[in-house]
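S.K.: Sequence and predicted structure, then a few things I'm wondering about:
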Amino acid sequence: MRAFVFPGQGAQYAGMGKDLYDAYPLAQEMFECANEKLGFRITDIMFDGTAEDLKQTKVTQPAVFIHSVVASKVLTIQQPDMVAGHSLGEYSALVACGALRFEDALLLVSKRASAMQKACEMQESTMAAILGLEDEKVNEVCRRVSDQVVVAANFNCPGQVVISGTIEGVDRACTLSKEMGAKRALKLQVGGAFHSPLMQPAAEELKEAILNTTFLHPSCPIYQNVNAYPQTNEEDIRQNLLLQLTAPVCWTQTIKNMIVDGANQFYEFGPGDVLKGLIRKIDANVEIG
């Protein structure tokens, strides 16, 4: 069974999408639609901007989303049997399975980016990758830094968990993680504490937009970040998306559940191939396209 997966923020690169725009009329049509909906020519930044230009939050998230959806539309004639996306990538997955229209999802992604940027500006915060420590030990580390906000945010693959919270909380958790046996604890170059309680203001701002968006019945199950389970009910999908900004990304369990449910071919659509590497670490026996 075919599983389509979609990356999140951080996968962007200068020049992204130009090859698709030049090669496929459908891609050109979708890119131009995105320019119109966003009210600025994001393609100019994607195709000709610098890596620094692409780091602007209002650009990064829509750019990755647009590239991912366009790639999934023009690079395959196959339909997925199941889909999933990592963080921001969940919006691309929702389009791929037909639960959201491209234009509706793009507007939600743009709103999401703006809301997250505001939340980042409200309090200094950060994230860090903890390598070589079991998931439960990372959770224990976070519990021990109880006077600060710090939580496990991304369960990416066995031995790789990203934590998120206040700067002091993350710094202390990094030190404690190494004391408990982590091979490395690496601070990430991000603007805030994504997938943590510090994103609650962003979640509240995004809530109205999600509630006012029409969700459609998906053509196949989507495995959502908050619980890693397959979803086909429109309202369940909506409610899980409402929780996504403050809940952890259960990526390891998502991929495991997809494999248990029959996925044996994984295809990543979007800039970069980060998810391919994570999937190989989760299960080296599956086919990755």
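M.R.: Good, I have the coordinates.

S.K.: Check the gap between Thr214 and Asp104 for me.
M.R.: Computed as C-beta to C-beta, to the nearest Å, the Thr214 to Asp104 distance reads 7 Å. For glycine as for every other residue, the C-beta is placed from the backbone atoms N, C-alpha and C.

S.K.: Give me the more crowded residue out of those two.
M.R.: With neighbours defined as other C-beta atoms under 10 Å, Thr214 and Asp104 compare such that Asp104 has more, 20 against 10.

S.K.: mind checking the SS state of the more buried one?
M.R.: helix (DSSP: H, G, I helix; E, B strand; the rest coil).

S.K.: Identify the residues contacting the closest residue to it other than its chain neighbours.
M.R.: Nearest residue to Asp104, sequence neighbours excluded (C-beta to C-beta, 6 or more residues apart in numbering): Thr213, at 5.3 Å. For Thr213, the contacting residues are 100, 104, 107-108, 238, by C-beta atoms under 8 Å, 6 or more residues apart in numbering.

S.K.: again with Ala263
M.R.: Counting by C-beta under 8 Å, 6+ apart, Ala263 has contacts 1-3, 81-82, 286.

S.K.: Would you mind checking those for buried ones?
M.R.: For these, a burial check counting by 16 or more other C-beta atoms under 10 Å picks out 2-3, 81-82, 286.

S.K.: where along the stretch 51-200 of the chain do the strands fall?
M.R.: 82-85, 125-131, 150-157, 160-166, 184-187 (DSSP state E, counting those that start in this stretch).

S.K.: quick one: average confidence on the first one?
M.R.: Model confidence over strand 82-85, given as mean pLDDT, is 98.

S.K.: And the third one, by the same measure?
M.R.: Per-residue pLDDT values over strand 150-157 give a mean of 98.

S.K.: go on, the fourth one?
M.R.: Strand 160-166 shows a mean pLDDT of 97 in the predicted model.

S.K.: quick check: angle from it to strand 125-131?
M.R.: Relative orientation of strand 160-166 and strand 125-131, computed by axes from the mean of the first three to the mean of the last three C-alpha atoms, to 10 degrees: 160 degrees.

S.K.: one step back: Gln56 is nearest to which of the strands of the stretch 51-200 of the chain?
M.R.: Gln56 lies closest to strand 125-131 among these, at 18.5 Å (C-beta to C-beta).

S.K.: If Phe155 is in a bridge, with which residues?
M.R.: On the basis of DSSP bridges, Phe155 is bridged to Val161.

S.K.: which ones are touching it?
M.R.: Phe155 neighbours (C-beta under 8 Å, 6+ apart): 135, 161, 248-253.

S.K.: Brilliant, that's me finished.
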